[in-house]
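1. turn this into a model:
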Amino acid sequence: MNILITGASGFIGRQLVRRLQQEHQNITVLSRNGARASQLLGVPAFDWDYATQDVPAEALQDCQVIINLMGENLGDGRWTKARKHEIYASRILSTRKLVAAAPESLQAFVCGSAIGIYPGSGDDLYDESYAVPEQLSFMQTICHDWEVEAARIEGKGVRRVSIRTGVVLGHGGMLQKLLPVFKLGLGGPVGNGRQWLPWIHIDDIVSVYTAAALDTRYHGPVNAVTPNPVRYREFATAFGKALQRPAFFPTPAFVLKLALGEAAVLALNSYHIVPKRLQEEYGFQFKFIDLPAALADLFDKSDAVKQDIAS
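-> This next block holds a predicted model:
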């Protein structure tokens, strides 16, 4: 398959490119800095500034699958008005342009989404059948509009998959931000610690994207989380144990709100999500369904790997 990937130099993207190369797929990427991306990933890359440029036509030649991972990091800084615009536009506008530029050769469009499409409160359990209401939070608005833009590709007869990603555990992402605090023994639950944390190991999320790209059964929204979500307090305890550090210092909700403003919802919201379609429709086999085992895979190795996570 000829596969075009955006956001390929990011946390998930780097691992996905590597996996698809192992599957002997032909990979091309779009990046703000094509030369840097090509050097980093070892694949052909084209420059693309989604905000000011159309998708380069040469990047789409004979393209059969597009995997769109583009999006500004939600956890980088306070959600000012300008920052919220960047977060929104990087997902919506880039997807809109990719759909508009889709070549006749395109067979599948796999696009990022997130568990933020769900309410983010309480203990109610949600799967992909959830009906998104008219009154939406900022996170729900992003994810809803992102999926609407991606779904427009279906009007061209192209299969579309929207991957509703949970908290990815791997060499980057949330763990990279938490690692310095927990290594000092200062980690612990956030808020009341009872909020649900739907997680997935980096190996499994890469497998989900690979399957979505290559398996024609996959379509529509897909929850990419393990079948065993945990509460934040359980996560903090397991993470501390994996690092052989105590993890009982709580971070009160008001402290996070003072520090992060509206962005504090990323840590305080509660998402009780199950991967119903992955398991019941596609028979997806998770490599990691137990949180301690997933963390052990990442940390109970050599110091070199631990340093790689921290860098």
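
2. so where do the helices sit in the stretch 201-311 of the chain?
-> Under the criterion DSSP state H, counting those that start in this stretch, helices of the stretch 201-311 of the chain are mapped to 202-214, 232-243, 253-260, 265-268, 276-280, 291-299, 303-310.

3. show me what the fifth one is packed against.
-> It stands for helix 276-280. strand 220-224 (3 or more C-beta pairs under 8 Å, 6 or more residues apart in numbering; DSSP states H and E). To be clear about C-beta, it is placed using only N, CA and C from the backbone, and glycine gets the same treatment.

4. now the strand it packs on - C-alpha only, CSV.
-> C-alpha atoms of strand 220-224 as CSV (Å, rounded to 0.1, in the frame of the first residue of the first chain):
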residue,chain,number,x,y,z
GLY,A,220,-16.5,4.9,11.4
PRO,A,221,-15.6,5.7,15.1
VAL,A,222,-13.4,3.3,17.0
ASN,A,223,-12.6,3.6,20.7
ALA,A,224,-8.8,3.0,21.1
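
5. each with direction, which strands does that strand pair with?
-> Sheet pairing for strand 220-224, assigned by DSSP bridges, gives strand 159-165 (parallel).

6. residues in contact with stretch 45-58?
-> 6, 8, 28-35, 37-38, 59, 70, 89-90, 93-94, 97-98, 100-101 (C-beta atoms under 8 Å, 6 or more residues apart in numbering).

7. so which of the residues you listed sit within strands?
-> Among those, the ones falling in strands (DSSP state E) are 6, 28-31.

8. still on that earlier bit, select only the buried ones of the contacts of stretch 45-58 in PyMOL?
-> Command for PyMOL, covering only those of the contacts of stretch 45-58 found buried under the criterion 16 or more other C-beta atoms under 10 Å:
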select buried, resi 6+8+28+29+30+31+34+37+38+59+70+90+94+97+98+101
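
9. determine the longest helix present in this structure.
-> When the chain is parsed with DSSP state H, its longest helix is helix 81-100.

10. show residues contacting the helix or strand following it.
-> Going down the chain from helix 81-100, the next helix or strand is strand 108-114, by DSSP states H and E. For strand 108-114, the external contacting residues (C-beta under 8 Å, 6+ apart) are 7, 64-71, 91, 95, 98-99, 102, 139, 142-143, 146-147, 150, 153, 158-166, 209, 212-213, 216, 221.

11. and those residues, which are buried?
-> 7, 64-71, 91, 95, 98-99, 102, 139, 142-143, 146-147, 150, 153, 158-166, 209, 212-213, 221.

12. residue contacts, the residue lying farthest from the centre of the chain?
-> Ranked by distance from the centre of the chain (C-alpha atoms, centre = their mean), the top residue is residue 246, with 28.4 Å. Contact analysis of residue 246 by C-beta under 8 Å, 6+ apart lists 185, 240.

13. check what pLDDT it gets.
-> For residue 246, the pLDDT comes out at 88.

14. from residue 185, how far out is it?
-> Using C-beta to C-beta, to the nearest Å, residue 246 is found at 5 Å from residue 185.

15. overlap in contacts, those two.
-> Applying C-beta under 8 Å, 6+ apart, one finds that residue 246 and residue 185 are jointly contacted by residue 240.

16. next up, the contacts around the most centrally placed residue in the chain.
-> The chain has residue 165 as the residue nearest its centroid, 4.6 Å off, counting by C-alpha atoms, centre = their mean. The contact partners of residue 165, taken as C-beta under 8 Å, 6+ apart, are 12, 112-115, 200, 205, 224-225.

17. distance of it from residue 244?
-> For residue 165, the distance to residue 244 - C-beta to C-beta - is 29 Å.

18. right, I'll leave it there.
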